[in-house]
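S.K.: sequence? don't have it. structure:
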């Protein structure tokens, strides 16, 4: 099994913009193979500025969406759903410009939408999500892209909480561009057997985010990491494993994900320790950074 290791820029900043080139260089200096770019506002990211830095550092980019208020494919208001589709199209524009093979995230509904619904209301929202994502998947497929659909925990969504839910939604979408991703933070809340869930995902799994059950440094919590490793080995997963946590320095972001304290003195230390743990878990040597990464930026 060969995987690559990445970090989300949410670990250091929010929102990500074209002015964060030095952050990308820093992520490369830490020894990561890849970087995940959360795109909160597509207008803030110019691929013509970002792509040369990615090429300079050798970082493989991935994109994930941010599904806050106004981005909800299950909303009864058709204009809200249209706005969400337009946002996803903008993510696809960036993916094409940066050479990213898919867009990722809980794109079916607004994060934080967790309510008691009747079976009929729940079915209506499920059917809306499947129909809308079929349209989005069709556009993605026409562009040569895929969707990596993420389950999130019950406190953040009442629609898709487990890997089995994700796979059921993928089947309901009924388009080959619709695929699955996992996030170990949500899995430690929702799954009965993390390894079994990964094996069930099988070939549909195209992206992996890792975060401890307490959102702290990877390898310091209750996550069954050996089960995680063995299951990825068994399905022959060969994509990225990306550390996703969040900076406490951005109060809005920290409040949204309920991070009230620092886990390490610096976010670089958080990332470096997590990466060292993952490389040891997967028995992979440290990445040798390109010479350009070590040079002083102009």
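M.R.: Cool, the structure landed. All of these numbers come straight from a predicted model, not from anything done at the bench.

S.K.: residue boundaries of the helices in the stretch 1-150 of the chain?
M.R.: Remark: helices assigned in the stretch 1-150 of the chain by DSSP state H, counting those that start in this stretch are 21-29, 47-57, 78-98, 119-142.

S.K.: Which of the ones you listed has the highest mean neighbour count?
M.R.: Stretch with highest mean neighbour count among the helices of the stretch 1-150 of the chain: helix 21-29 (a mean of 19; mean count of other C-beta atoms under 10 Å). Any C-beta I mention is one placed from the backbone N, CA and C, and that applies to glycine too.

S.K.: quick one: that helix to helix 47-57, angle?
M.R.: Interaxial angle of helix 21-29 relative to helix 47-57 (axes from the mean of the first three to the mean of the last three C-alpha atoms, to 10 degrees): 30 degrees.

S.K.: For helix 21-29, the averaged confidence score.
M.R.: Taken as a whole, helix 21-29 has a mean pLDDT of 98.

S.K.: where's that helix relative to the chain centroid, distance-wise?
M.R.: Using C-alpha atoms, centre = their mean, to the nearest Å, the distance from the centre of helix 21-29 to the centre of the chain it belongs to is 19 Å.

S.K.: Remind me what that helix packs against, helices and strands.
M.R.: helix 47-57, helix 291-294 (3 or more C-beta pairs under 8 Å, 6 or more residues apart in numbering; DSSP states H and E).

S.K.: Make a markdown table out of those helices and add distance to residue 271.
M.R.: Converted to a markdown table, those look like this (distance: least, C-beta to C-beta, whole Å):
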| stretch | distance to residue 271 |
| --- | --- |
| helix 47-57 | 15 |
| helix 291-294 | 15 |
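
S.K.: how about these in TSV, adding mean pLDDT and distance to residue 173?
M.R.: Output for the helices and strands packed on helix 21-29, formatted as TSV (pLDDT from 0 to 100; distance: least, C-beta to C-beta, whole Å):
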stretch	mean pLDDT	distance to residue 173
helix 47-57	98	27
helix 291-294	42	39
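
S.K.: Residue 175: which of those is closest?
M.R.: Closest to residue 175 of these is helix 47-57 (C-beta to C-beta; 25.7 Å).

S.K.: how far off helix 78-98 does that closest one point, in degrees?
M.R.: Using the same axes, to 10 degrees, helix 47-57 lies at 40 degrees relative to helix 78-98.

S.K.: chain center to helix 47-57, what's the gap?
M.R.: Using C-alpha atoms, centre = their mean, the offset of helix 47-57 from its chain centre is 20 Å.

S.K.: got it, and stretch 208-219?
M.R.: The answer for stretch 208-219 is 13 Å, by C-alpha atoms, centre = their mean.

S.K.: Nearest to residue 182 among the helices and strands packed on helix 21-29 would be which one?
M.R.: Going by C-beta to C-beta, the one of the helices and strands packed on helix 21-29 nearest residue 182 is helix 47-57, 24.5 Å.

S.K.: before we move on, the earlier item: dump the helices of the stretch 1-150 of the chain to JSON lines, plus distance to residue 110.
M.R.: Below are the helices of the stretch 1-150 of the chain laid out as JSON lines (distance: least, C-beta to C-beta, whole Å):
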{"stretch": "helix 21-29", "distance to residue 110": "28"}
{"stretch": "helix 47-57", "distance to residue 110": "26"}
{"stretch": "helix 78-98", "distance to residue 110": "9"}
{"stretch": "helix 119-142", "distance to residue 110": "11"}
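
S.K.: Could you name the stretch from the helices and strands packed on helix 21-29 that's closest to residue 194?
M.R.: With C-beta to C-beta as the criterion, residue 194 lies closest to helix 47-57 of the helices and strands packed on helix 21-29, at 31.4 Å.

S.K.: so what does that closest one touch, helix or strand wise?
M.R.: Short answer (3+ C-beta pairs under 8 Å, 6+ apart): helix 47-57 packs on helix 21-29, strand 60-65, helix 78-98, helix 291-294.
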